[in-house]
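this one's sequence-less:
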């Protein structure tokens, strides 16, 4: 999917993609931009380094430094330092360097909701087992642990969807993780339910959770159908091939989900339809 627009000024990161002469920047320029005080340049640089999987020795230290940037919220200032920190967290997740886990765990305690969300997903991408307990602790805070999460509960102040997704991606099937995730099956927000079914499929291997995801593909809201397609692709659930193809959503997103069925299928999941069938379906969508 396309990178998110900046939440404050609605400027896509690609806006910052060129030098004054119109040429695209490279790794050297991205590193130099990340060292500047201009947050717009830093914002794009952090995104560039993550997207292009930079392996330069300066990349990790500079991104960790950007991760610590903070400022009081001020929309009129354009791209905020907080937004740079979020992009830095996303980039660190893509680079999958385990040495950044302590820095990400500190950011997980930040007051910025968006940073905690980006950090949670980054820890999931790195498969950081060190994050399991902190994520469980945040998800289990507040009353009504055994039942449906209630509006106003302290844990709803956390980015639950991202934290549940992270526990699923880390993939360690602890009884504590499964127990804290299951109540969210009853959540009134379908995107959180989708993340929950996905994580439970990843952690338990029980096929019933894939069936609940496929059922959710029929949701009346297109943003829900889009998210569910991405979740099915992310876990590589091959039997979802036909339901994804038939979903009322953009072909471009269907292609991303189907690519996930090819690239992400664990050996303990059904291997049918075959890769050949999935590829044929992708060809028909192009």
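Everything's here; your move. Here the structure is a predicted model, which is why all the values come from computation and not from measurement.

secondary structure element for the residue positioned nearest the centre of the chain?
Among the residues of the chain, the one closest to the centroid is residue 121, at 4.6 Å (Cα atoms, centre = their mean). Using DSSP states H and E, residue 121 sits within helix 113-126.

tell me what the one helix or strand residue 105 maps to is packed against?
Assessed by DSSP H and E, residue 105 sits inside helix 101-107. Helices and strands touching helix 101-107, by 3 or more Cβ pairs under 8 Å, 6 or more residues apart in numbering; DSSP states H and E, are helix 59-67, helix 81-95, helix 113-126. (C-beta placed from N, C-alpha, C; glycine too.)

can you list contacts of the helix or strand following the last one?
If I follow you right, that is helix 113-126. Proceeding N to C from helix 113-126, the next assigned helix or strand is helix 132-140, under DSSP H and E. The contact list for helix 132-140 (Cβ atoms under 8 Å, 6 or more residues apart in numbering) reads 105, 108, 120, 123, 155, 158, 160, 163-164, 166-167, 170, 172, 174, 176-177, 180-181.

list the buried residues of helix 132-140.
132, 134, 135, 136, 138, 139 (16 or more other Cβ atoms under 10 Å).

any chance of those in CSV, plus distance to residue 41 and pLDDT?
As requested, those are exported to CSV (distance: Cβ to Cβ, whole Å; pLDDT from 0 to 100):
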residue, distance to residue 41, pLDDT
132, 36, 98
134, 32, 97
135, 32, 97
136, 38, 97
138, 33, 95
139, 36, 94
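
what's the closest of these to residue 252?
Within the buried residues of helix 132-140, distances to residue 252 taken as Cβ to Cβ reach their minimum at residue 135, with 31.5 Å.

chain neighbours aside, what residue packs nearest to the closest one?
Closest residue to residue 135 apart from its sequence neighbours, by Cβ to Cβ, 6 or more residues apart in numbering: residue 163 at 5.0 Å.

in a helix, that neighbour, correct?
Yes. Secondary structure of residue 163 (DSSP: H, G, I helix; E, B strand; the rest coil): part of a helix.

what about residue 97, neighbour count?
The number of residues packed near residue 97 is 15, by other Cβ atoms under 10 Å.

for residue 179, see how far away it is.
Distance of residue 97 to residue 179, computed by Cβ to Cβ, to the nearest Å: 31 Å.

residue 204 now?
As judged by Cβ to Cβ, residue 204 and residue 179 stand 12 Å apart.

swap in residue 94?
30 Å.

of all the residues in stretch 95-106, which ones are buried?
95, 100, 101, 103, 104, 105.

so what's the last one up against?
Just to be clear, that refers to residue 105. 123, 128, 130, 131, 134.

out of the contacts of helix 132-140, which are buried?
The buried subset of the contacts of helix 132-140 - by 16+ other Cβ under 10 Å - is 105, 108, 120, 123, 155, 158, 160, 163-164, 166-167, 170, 177, 180-181.

picking that back up, ok, the residue nearest to residue 135 to residue 47 distance?
According to Cβ to Cβ, residue 163 and residue 47 sit 23 Å apart.

what does residue 279 give?
For residue 279 relative to residue 47 (Cβ to Cβ), the value is 30 Å.
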